[in-house]
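Peer 1: whatever this is, show me its structure:
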Amino acid sequence: MRKGVAMTDAAVLMMGMSAILLQIAALRELLTVFSGNELDIGITLAVWLLSVGSGGFLGGRMRTGNAFPLSFLAVALLAPVTFLGIGWIRPLLSLSLGESVSLFTTIITTLITIAPLGIVLGMQFPLAVSSTRREAVRVYSLDASGAFIGGVLITLILAGRISALQTAAAVSALNILTAAFLMRSVRIAALTALPLLLVPAIERIGALSAPQGVELIERKESRYGAIEVLRMRNEYSVYASGRLQFAYPDLPSEEHRAHVPMTLHPCPRRVLVLGGSPAVIRELLKHRPERIDFLEIDPELISVSLGILSAGDRSAAGDPSVRILSRDGRAFIKASPASEYDLVLLNIPEPATASINRFYTIEFFHEAKRALRDGGVLVLSLPPSFGYMSSELRLANGSVYRSLREVFGTVAVTAEEYGILAASDTPIETAPAVLKKRFSDRAVRTTLFRPEILTDMFNLLAVERVRTRLDRVDTINTDKRPSAYLYNLMVWADMQGGGMLRLLPRIGGWAGVLVIIPAAAMAFFSRSSRRAIPLTVLLAGSSSMAFSIVLLLAYQSMFGYVYVSVGFLTALFMAGIAVGGYTLRNAGHPLPRLAVLQAGAAAIFIIAPFTFGHEVSYYVVSALAGGTTGAEFAAAFQVREADGRARSAGSLYAADLVGSCCGALLASIVLVPLLGIHGAIAVLVVWKVISLTLLLVMRHENA
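Peer 2: As a prediction, the model looks like this:
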């Protein structure tokens, strides 16, 4: 008997571990497919949760005797197929390298690829309850414990070592083994090695997805994202998490990115470069600086980048005056001594993601200013325009320009075709004649760059026209309210032909009201106990998932490497669910307890932003939020237990996950971009107040 109980408990643990491993692997792969925008985190989680919730609803209505063990075989079959499908999204859509994907296409393709797997995973929960004849809360806690184990595994062991497809194959094999144990079938157990043996064949099929004329030279799994090196003729393109980092050789860009910033400073002795192609070092050295510090957070990306350089460029990168460091640029600047550098060069893309946006906020500019010497210059590049600057691009660039002006005494701009901003606390010389003489006096030899370009770049009329446009923007870009990220999202929507995303800036501060009203209306019409508990679970799931998204985006803004930590943050959230659900599964007075838990969750939400400056606080808050979520589910199930264990478990599980789906979408697309971190949390607190009010009314009416 004990052996059978241990076996079913192990199966439920495997169920939770499989789900989280596949979820995080799918999230990482889809981030790569859709170019690493954090909006994809919300979309992927929303689709995943909706699929799992639908599966939970269906599973609660199934009565097949072997359905639970057979579900493991279904997971084993669908896991590798899902990741093969993800790899074929871009070629099937005929997307060229670097081409962005519209919001509608992103949602539809995500739904098609991961929904079948999600539905089967969702069916497992109610099937486990009915098959094992265990308490739903115990199954819920065991499932969450398995998810915790999986999250720790993928964070500490698997990430950066094996690919998503290999992860899926390993999960597939373990699910076959689990089904064999549950069904006591040696024949099924013999199939365990099959998914692992099929990986090379599936990888070869995936290699066929490369565009014609493009050769995949190398693919590396890094803790910070998948790195791919593609070659077309004699040019390499380096991608990280689906975003183009740089092309090599690209002499026009390398010369332009080096010589313009170096010429803007009268004597750049110490230079700090954040990101980009290490080939730019060759051009920087021509100005004979004392020291160049080149930073890139991902050591694997550094290794790959240096590996494709020519012998001459590798020699330049190895110059005694050059330090190539694997560090987070923002943390490095914050820890640097004051007045350390003459020039800080942001050699990174525009702030189209939260991780990049953190290098364009007013907080970062203060940190960079502290690291600059007297007369030091910070130089960055934003997307240029050619004759026409759309309102979205003006807002995106203008929010960065305005933030620079808040910190530095001088901000120089170039003509619109170049998109360069330079900031300093002392006047920056931009007279073309002076700059050309400065460049000439240094006797710098270039192949394509000519000092005459400086005349066009700093043409007075063109510069004034750009400055006038940017001066109209009064929005400041901050860590807690990433406005530049929002506006770049609007630029992306404009490039894709518009859509609902373009309406977001017009909604503005009304977003919170528009999100709160439907929740209040549903609560008003759901005062009966039959409806109130599922709605409470739905709102709890929605607010908890939205809070998790806010945590991820806040973490990304502050520390910039959520790709590494998403597994551990998720694991701690699931650990909290397991502990909260299991410890309070048999506590008395479930309805009052549910009301107290709503108030406790609201308190956690309110306190959390005051701790966001410390990295460890994100892990603590994630665990606490998970604990209240698990305890809420346990109390809600106790209230509804009389409805029938499996069916009630399935319906409440579905309500939790459908709510989580809504929370993921609203947080990533609406709340954080429009209201910022604090505004989004304020809305979630109001949701909790609505849910608490509904429970108090229900208790009063039942008294």
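Peer 1: identify all contacting residues around stretch 294-310.
Peer 2: For stretch 294-310, the surrounding residues in contact (C-beta atoms under 8 Å, 6 or more residues apart in numbering) are 160, 217-218, 220, 222-225, 227, 229, 236, 238, 240, 245-246, 248-249, 272-275, 277-279, 281, 314, 317, 322-329, 332, 560-561. Placement of C-beta: from N, CA and C, glycine included.
Peer 1: tell me the mean pLDDT over stretch 368-376?
Peer 2: Mean per-residue pLDDT for stretch 368-376: 94.
Peer 1: narrow the contacts of stretch 294-310 to those that are buried.
Peer 2: Among those, the ones that count as buried by 16 or more other C-beta atoms under 10 Å are 160, 220, 222-225, 227, 229, 236, 238, 240, 245-246, 248-249, 272-275, 277-279, 281, 314, 317, 322, 324, 328-329, 332, 560-561.
Peer 1: from the contacts of stretch 294-310, which land in helices?
Peer 2: Those of those mapping onto helices are 281, 314, 317, 329, 332, per DSSP state H.
Peer 1: where's the fourth one relative to residue 596, distance?
Peer 2: What it means is residue 329. 44 Å (C-beta to C-beta, to the nearest Å).
Peer 1: helices or strands next to whichever strand or helix holds residue 654 in the packing?
Peer 2: Assigned by DSSP states H and E, residue 654 falls within helix 645-666. For helix 645-666, the helices and strands in contact under the criterion 3 or more C-beta pairs under 8 Å, 6 or more residues apart in numbering; DSSP states H and E are helix 39-59, helix 103-132, helix 136-153, helix 529-559, helix 615-640.
Peer 1: can you dump the C-alpha atoms of it in CSV for me?
Peer 2: The C-alpha trace of helix 645-666 is given here as CSV (Å, rounded to 0.1, in the frame of the first residue of the first chain):
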residue,chain,number,x,y,z
ARG,A,645,-13.7,16.2,-5.4
ALA,A,646,-12.5,15.7,-9.0
ARG,A,647,-15.0,18.0,-10.7
SER,A,648,-14.6,20.8,-8.2
ALA,A,649,-10.9,20.5,-8.3
GLY,A,650,-10.9,20.7,-12.1
SER,A,651,-13.2,23.7,-12.2
LEU,A,652,-11.3,25.7,-9.5
TYR,A,653,-8.0,24.7,-11.1
ALA,A,654,-9.3,26.0,-14.5
ALA,A,655,-10.6,29.2,-12.9
ASP,A,656,-7.1,29.8,-11.3
LEU,A,657,-5.3,29.3,-14.6
VAL,A,658,-7.7,31.3,-16.8
GLY,A,659,-7.4,34.1,-14.3
SER,A,660,-3.6,33.7,-14.5
CYS,A,661,-3.8,33.9,-18.3
CYS,A,662,-5.7,37.2,-18.0
GLY,A,663,-3.2,38.6,-15.4
ALA,A,664,-0.2,37.7,-17.6
LEU,A,665,-1.6,39.5,-20.6
LEU,A,666,-2.8,42.6,-18.8
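Peer 1: right, and the helix or strand after that helix?
Peer 2: helix 672-702.
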